[in-house]
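J.: Make a model of this:
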Amino acid sequence: MAAASGLGRCLRLAVGAARRRETRARTERTRDRHLHLHRALHLQPDAHQCEDAGQKPESSTDVVNVTFLDRSGKRIPVKGKVGDNILYLAQEHGIELEGACEASLACSTCHVYVNEEHFDKLPEPVEGEEDMLDLAPVLQITSRLGCQIILTKELEGMELTLPKITRNFYVDGHVPKPH
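T.: Next up is the predicted model:
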């Protein structure tokens, strides 16, 4: 049993190292393309808060269609808007994405798999996100934290799969509410 546990840890570390190498390579290819968009979104007040996720977008150009695949494999289509945070958007629509640290990059409970077509369109993860992803169980090359994915028109049609298992922090049945 201990050998299997050690093997699992080695595998997670190897996947994490491979993901970091791929991330560094993608950084060189995509940094300029995303830099202006990333800055614009992060300079907007409360861009990560998604406090008005339930409101209709101002125009159809603001709508971004996203599909979540829950742990049972059920497809859940969601309409978000440019600037929405995936964690809060999922919670607003009753999708079981925990977000125990409330998007402060202190946990990995909002871990999702991004479909490959859209994974390369995301800005590079910051070091804090990579550190938290290293703690996520069942890590994959396309793993990201939902709290760090901000919708853009480029992400139209993105599919996000919830991992089969997570390391939940809420053990008393608490269900987080969007802010």
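J.: mind listing the helices for the protein?
T.: Along the chain, counting by DSSP state H, helices occupy 2-43, 86-92, 116-119, 127-133.
J.: where among those helices is the average confidence lowest?
T.: Looking at the helices of the chain, the lowest mean pLDDT belongs to helix 2-43 (a mean of 54).
J.: Who's the closest spatial neighbour of Glu116, skipping the chain neighbours?
T.: Thr142 (6.0 Å; Cβ to Cβ, 6 or more residues apart in numbering). From N, CA and C alone the C-beta is placed, and that goes for glycine too.
J.: quick one, phi psi at that neighbour?
T.: phi -100, psi 20 (degrees, to the nearest 10).
J.: ok, now which ones touch it?
T.: 113-116, 119 (Cβ atoms under 8 Å, 6 or more residues apart in numbering).
J.: Return the member of those residues nearest to Gly83.
T.: The nearest member of those to Gly83, counting by Cβ to Cβ, is Val114 at 17.9 Å.
J.: From Val63, how far out is the closest residue to the closest one other than its chain neighbours?
T.: Using Cβ to Cβ, 6+ apart and skipping residues adjacent in sequence, the residue nearest Val114 is Thr142, 4.8 Å away. Thr142 sits 24 Å away from Val63, taking Cβ to Cβ, to the nearest Å as the criterion.
J.: now do Asp70
T.: Using Cβ to Cβ, we find Asp70 at a distance of 22 Å from Val63.
J.: before we move on, what about Asn85?
T.: For Asn85, the distance to Val63 (Cβ to Cβ) stands at 16 Å.
J.: got it, and Glu116?
T.: Distance from Glu116 to Val63, by Cβ to Cβ: 23 Å.
J.: again, but for Ile165
T.: In this view, Ile165 and Val63 are 32 Å apart by Cβ to Cβ.
J.: Top of the contacts of Thr142 by number of neighbours, please.
T.: Counting neighbours by other Cβ atoms under 10 Å, Val114 comes out on top of these with 23 neighbours.
J.: can I assume that residue is in contact with Leu145?
T.: No: using Cβ atoms under 8 Å, Val114 makes no contact with Leu145, being 10.5 Å away.
J.: give the contact list for Leu87.
T.: Here Leu87 is in contact with 50, 97, 99, 103, 110, 145-147, 149 (Cβ under 8 Å, 6+ apart).
J.: now do Ile165
T.: Counting by Cβ under 8 Å, 6+ apart, Ile165 has contacts 137-138.
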